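**Q** the following comprises the amino acid sequence and a computationally predicted model.
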Amino acid sequence: MPAISPVGLRWAVSHDSVDLTYHEFRRNIDGARIETLPSLDGRKRKLQARPCNLTSRFFKQFALPRKALLSKPGRNYPVGPCRLRITEGDPMKSENNRLVFRHLIAVGIVCLILCPPSISLGWGAGGHMIVAKVAFDRLNPKAKAQVATLLAIPIPPAAESAKSKDFVNAAHWADDIRSAPGFDTFAPRHFIDRPFSTDGTPLPAIPSPNIVTALRENVKILKTSTDQNARAQALRFIIHFVGDIHQPLHCATRVDSAHPHGDQGGNKVTIKITGKNGMLQSIDLHKYWDDGIETFPKGGPPPQFVPPSLDRIPPVAALATKANPASNPALKLGDPFNFLLWAGESFSLARDVTYHGMTNGAQPSAAYRSKAVKVARQRVAWAGYRLAALLNSVWH
């Protein structure tokens, strides 16, 4: 069986605790039994935990203490992004249960190998950094001083916060911490799945919480909380979520008979683009737009996902702002908390531009790419202008 990398499990396992019996844990000396199967909501990236097998190599990859194998009931241990909780009892009371257990193990392994969960991160790190650069250049002195103070606070996870103390790098913090224990509940707050149907399929309800409710919550915390740590976290989320809500595919999902619950904002649409070697390669539509139609600075490969260097951001930000000046009255900069307006714009662009002609196996035409690049640049520029207006309003 090919090895399953910790990166795959990083996104595949729920952050919820997984109960394992003390006897079963001791009996399986090679590891704990965990299986993950996609939940119906899919895009939320929360997966249901069920029995599966993690062999000794996963103990090494996740650095689980070997003393855990001798632990008494009631102890908790981290395994990647989840926690094992050892409990009393033994569920394997009959041979039939053991056979069912082995079947679930096989199903779980096949799901992880053949059907890895897609990762939706809004704009990539480069896109978020462009938004932040545009915004930072427009902040008033008081706002700059306040954000500097809050970003210097080492909020959990401290290791990630230490990497992004400046405003531009703080823009990708909310994606950096998505696999950290305790932060799984924030996943649905990166988007709002407003559905539209192409064949009359009934539309599912818009889930809540979502990015609109998240922006309202965090703005309230930033304005009114007396807890500096809470305000520091809220600021980081606001910087990121304002970028996300301007990505068209974070505000729409296409519904049809094949996808009655939606296509997860284009994550289930695989298109073909020409790679650097001149050969066609597959990419999901959502990621294509995350990368600004291949025009935004890219970061490093997984599992580190190192963001692009700061010196690569200003030239791309300048292109976006030059083509999209802040004088456009449609920006409504005097109303910097109109999150429904921003989401509505993104929804319309997704329906009319982003999804247009894009089905599985489609190859974007030159005309599509040209229009898409213009839209992507407009959205990051507008996100930057509006983020600055929002923060300047908080600290006017």
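**A** Noted; the coordinates are in hand. Since we're looking at a predicted model, the values are computed, not measured.
**Q** per-residue confidence at the residue nearest to residue 183 when sequence neighbours are not counted?
**A** Taking CB to CB, 6 or more residues apart in numbering, and ignoring the residues beside it in sequence, residue 183 has residue 177 as its nearest neighbour in space, at 5.1 Å. (C-beta placed from N, C-alpha, C; glycine too.) On pLDDT, residue 177 comes in at 91.
**Q** distance of residue 177 from residue 360?
**A** Computed as CB to CB, to the nearest Å, the residue 177 to residue 360 distance reads 32 Å.
**Q** who has more neighbours, the two?
**A** residue 177 (21 against 14; other CB atoms under 10 Å).
**Q** contacts only, for the more buried one.
**A** Listed by CB atoms under 8 Å, 6 or more residues apart in numbering, the contact partners of residue 177 are 157, 160, 183.
**Q** quick check: the second one touching residue 173?
**A** Pointing back at residue 160 there. Yes. Between residue 160 and residue 173 there is a contact under CB atoms under 8 Å: 6.3 Å.
**Q** and those two? Which one has more around it.
**A** Of the pair residue 160 and residue 173, residue 173 is the one with more neighbours under other CB under 10 Å, namely 24 against 19.
**Q** can you pull the contacts of the more buried one?
**A** With CB under 8 Å, 6+ apart as the criterion, the residues that contact residue 173 are 160, 161, 164, 236, 239, 240.
**Q** quick check, nearest of those residues to residue 312?
**A** residue 164 (16.1 Å; CB to CB).
**Q** give me the neighbour count for that closest one.
**A** 20.
**Q** next, give phi and psi for it.
**A** Dihedral pair for residue 164: phi -140, psi 60, per degrees, to the nearest 10.
**Q** quick one: it and residue 172 touch, right?
**A** Yes. With the criterion set as CB under 8 Å, residue 164 and residue 172 qualify as a contacting pair; they are 7.0 Å apart.
**Q** about what we covered before: quick check, nearest of the contacts of residue 177 to residue 132?
**A** Nearest to residue 132 among those, counting by CB to CB, is residue 160 at 16.0 Å.
**Q** can you read off the pLDDT for the closest one?
**A** The confidence metric pLDDT takes the value 90 at residue 160.
**Q** and it, how far is that from residue 343?
**A** Separation of residue 160 from residue 343 (CB to CB) stands at 27 Å.
**Q** next up, phi/psi of the residue nearest to residue 312 when sequence neighbours are not counted, please.
**A** Using CB to CB, 6+ apart and skipping the chain neighbours, the partner closest in space to residue 312 is residue 297 (4.2 Å). Backbone geometry at residue 297, expressed as degrees, to the nearest 10, gives phi -60, psi 130.
**Q** what does residue 230 give?
**A** Recorded main-chain torsions at residue 230 are phi -60, psi -40, according to degrees, to the nearest 10.
**Q** what segments of the stretch 101-250 of the chain are helices?
**A** In the stretch 101-250 of the chain, helices defined by DSSP state H, counting those that start in this stretch lie at 125-136, 141-151, 158-161, 167-170, 173-176, 211-224, 228-245, listed in chain order.
**Q** so which of those helices comes closest to residue 381?
**A** For residue 381, the closest of these is helix 125-136, at 5.9 Å, according to CB to CB.
**Q** quick one: average pLDDT of that closest one?
**A** Along helix 125-136, the predicted confidence averages to a pLDDT of 97.
**Q** and the residue nearest to residue 216 when sequence neighbours are not counted, how many neighbours?
**A** Nearest residue to residue 216 in three dimensions, chain neighbours excluded: residue 339, at 6.8 Å (CB to CB, 6+ apart). For residue 339, the tally of surrounding residues (other CB under 10 Å) stands at 22.
**Q** wait, residue 339 sits on residue 244?
**A** No. If you go by CB under 8 Å, residue 339 and residue 244 don't touch, sitting 11.0 Å apart.
**Q** hang on, the earlier thing: and the residue nearest to residue 216, what pLDDT?
**A** Residue 339 is assigned a pLDDT of 98 by the prediction.
**Q** by mean pLDDT, which helix or strand of this protein comes out lowest?
**A** Lowest on mean pLDDT, DSSP states H and E among the helices and strands of the chain sits helix 6-12, with a mean of 28.
**Q** quick check, residue 364 in a strand?
**A** No. The assignment for residue 364, made by DSSP: H, G, I helix; E, B strand; the rest coil, is coil rather than a strand.
**Q** okay, it and residue 353: tell me how far apart.
**A** Using CB to CB, one gets 11 Å for the distance from residue 364 to residue 353.
**Q** repeat for residue 168
**A** Relative to residue 353, and taking CB to CB, residue 168 is found at 27 Å.
**Q** cool, and residue 233?
**A** Between residue 233 and residue 353 the distance is 34 Å, computed by CB to CB.
**Q** about what we covered before: closest to residue 200 out of the helices of the stretch 101-250 of the chain?
**A** Set against residue 200 and scored by CB to CB, the helices of the stretch 101-250 of the chain come closest in helix 211-224, at 26.7 Å.
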